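Novice: One predicted model, sequence on top.
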Amino acid sequence: MFILNMIYMNYAEKKAKKRNEHWSEVALSLDFENYEAKDRSMLPAVRKSFTPLIILVLIIIVGSRFIENSIMLATIAMLLGALLTFILNFDKFKDKNKKTFVTKGLEGGISGIGGLAAVVAFGTVVQNSEAYSNIIQWVLGLNLNAYVKGVISTIVVFGITGSSSGGLKIMYNSLADSFISSGANLEILHRLTNISAGALDTLPHSSGLFLMFAVLGLLTRQHTIMYLYAA
């Protein structure tokens, strides 16, 4: 997935450059200086950047054998990942105002959690709608191989809810019994549905895009225009 994404992104970049497309500082109200690394010595080494991510994933994989509550496990892993990031880069914070960067970190975290919570809540509301019930009945009525049905139903639900994480939970709540009774290998089915989670969760109401907008300084309206143009 990483390789295919990089190939497509480089293709899209070259295509945009040929059309002379570029970010407009005026239109987006961005101060590009905030995104420039003025002192590259402040940037962490590659190993320090990837170590917390690797440790976080390992904690989730190993911890899943001992902790059944997946939400608690993910929270613990992220807290330890954040703490490890601070420890590995402690030298970068020596002369910094601790109150300032903690406050900024909390502001970014709260806004990110709020946006994600709103989208997941939207998916929950959709789940209780009559239209959603009709769609689920349509999916259940498909005369397809269990694995193919799992992939298609995942893509459809994620397209509706706009969230890969929230959509996965909602999809399983609705179709788990059908998958179990099909006799399919549930581990293989779980892997397939996880991969297909990235198909239609990039629509304008995606929680992941909301977080990316906050980093890039984009508004939903501006993204929607770009999304329709790209389509």
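Specialist: Arrived safely, thanks for sending. Numbering: from 1, shown residues only.
Novice: What is the longest helix seen in the chain packed up against?
Specialist: Using DSSP state H, we find that the single longest helix of the chain is helix 98-127. Here helix 98-127 touches helix 146-161, helix 164-181, helix 207-216, going by 3 or more CB pairs under 8 Å, 6 or more residues apart in numbering; DSSP states H and E. To be clear about C-beta, it is placed using only N, CA and C from the backbone, and glycine gets the same treatment.
Novice: Mind checking the ones you listed for the one nearest to residue 51?
Specialist: Closest of the helices and strands packed on helix 98-127 to residue 51 is helix 207-216, at 21.8 Å (criterion: CB to CB).
Novice: Contacts for stretch 132-143, please.
Specialist: Contact with stretch 132-143 is made by 126, 149, 152, 153, 156, 160, 174, 175, 178, as judged by CB atoms under 8 Å, 6 or more residues apart in numbering.
Novice: Check stretch 63-81 too.
Specialist: Residues outside stretch 63-81 that contact it (CB under 8 Å, 6+ apart): 52, 53, 55, 56, 57, 59, 60.
Novice: For it, which residues meet the burial criterion?
Specialist: Using 16 or more other CB atoms under 10 Å as the test for burial, stretch 63-81 gives 67, 73, 74, 76, 77, 81.
Novice: Kindly report the same for stretch 181-191.
Specialist: For stretch 181-191, burial by neighbour count (16+ other CB under 10 Å) applies to 182, 184, 189.
Novice: quick one: the last one and residue 179 touch, right?
Specialist: The reference is to residue 189. Yes: at 5.9 Å, residue 189 counts as touching residue 179 under the criterion of CB atoms under 8 Å.
Novice: Can you pull the residues that touch both of the two?
Specialist: Joint contacts of residue 189 and residue 179 (CB under 8 Å, 6+ apart) are 146, 150.
Novice: so residue 50 is in which element?
Specialist: Under the criterion DSSP states H and E, the helix or strand holding residue 50 is helix 46-63.
Novice: That helix: what's the following helix or strand?
Specialist: Under the assignment DSSP H and E, the closest C-terminal helix or strand after helix 46-63 is helix 70-88.
Novice: gap between the residue located most distally from the centre of the chain and residue 196?
Specialist: The centre of the chain is farthest from one residue, residue 95, which by CA atoms, centre = their mean lies 33.1 Å away. The spacing between residue 95 and residue 196, counted by CB to CB, to the nearest Å, is 47 Å.
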